[in-house]
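S.K.: sequence unavailable; structure follows:
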């Protein structure tokens, strides 16, 4: 494995965690939004990651780099919660509004986890850079 592939792998991990941070931030931003119907309420989103494994290079074929990528964004099917708020302008005839099924504590844990994973990938890149520089210094003798 080339020393430079570590940068590609860590970079793909950073890109994936960036998507995870963005979807989590979107979920948190919409946690307190309400709607007049259950169908119109915000649905929490979560990325689905996929590991891309390196394929053995055979003559005449392209080699796939190991990486992680976002396969797609999953939209939660959890039912919206119903709250009695008769004074809310979005309340239905019975005085209820619908709130998204966003668990703020779970989303904060998700955000911390994504942030730490991103930081770990940055450390992999920094360590790889330091090792490459140390290898170059060996030749200076």
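M.R.: Ah, there it is. Since the structure is predicted, the reported quantities are computational estimates derived from the model, not experimental observations. Numbers count the residues shown, from 1 in each chain.
S.K.: could you give me the average pLDDT of the host helix or strand of residue 134?
M.R.: Secondary structure from DSSP states H and E places residue 134 in helix 104-138. Taken as a whole, helix 104-138 has an average pLDDT of 94.
S.K.: buried stuff in that helix?
M.R.: Residues of helix 104-138 classed as buried: 107, 110, 111, 114, 117, 118, 121, 124, 125, 128 (neighbour count, 16 or more other Cβ atoms under 10 Å). Placement of C-beta: from N, CA and C, glycine included.
S.K.: again with stretch 13-26
M.R.: Along stretch 13-26, these residues count as buried under the neighbour rule (16+ other Cβ under 10 Å): 13, 14, 15, 16, 17, 19, 20, 21, 23, 24, 26.
S.K.: now the residue most central in space within the chain: how far from residue 89?
M.R.: What sits nearest the mean C-alpha location of the chain, by Cα atoms, centre = their mean, is residue 20, with 1.3 Å. With distances taken as Cβ to Cβ, to the nearest Å, residue 20 is found 34 Å from residue 89.
S.K.: can you verify residue 31 is assigned to a strand?
M.R.: No: assigned with DSSP: H, G, I helix; E, B strand; the rest coil, residue 31 falls outside any strand and is coil.
S.K.: can I get the buried residues of helix 104-138 in TSV with distance to residue 136?
M.R.: Listed next are those as TSV, based on distance: Cβ to Cβ, whole Å:
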residue	distance to residue 136
107	44
110	40
111	38
114	33
117	29
118	27
121	23
124	19
125	17
128	13
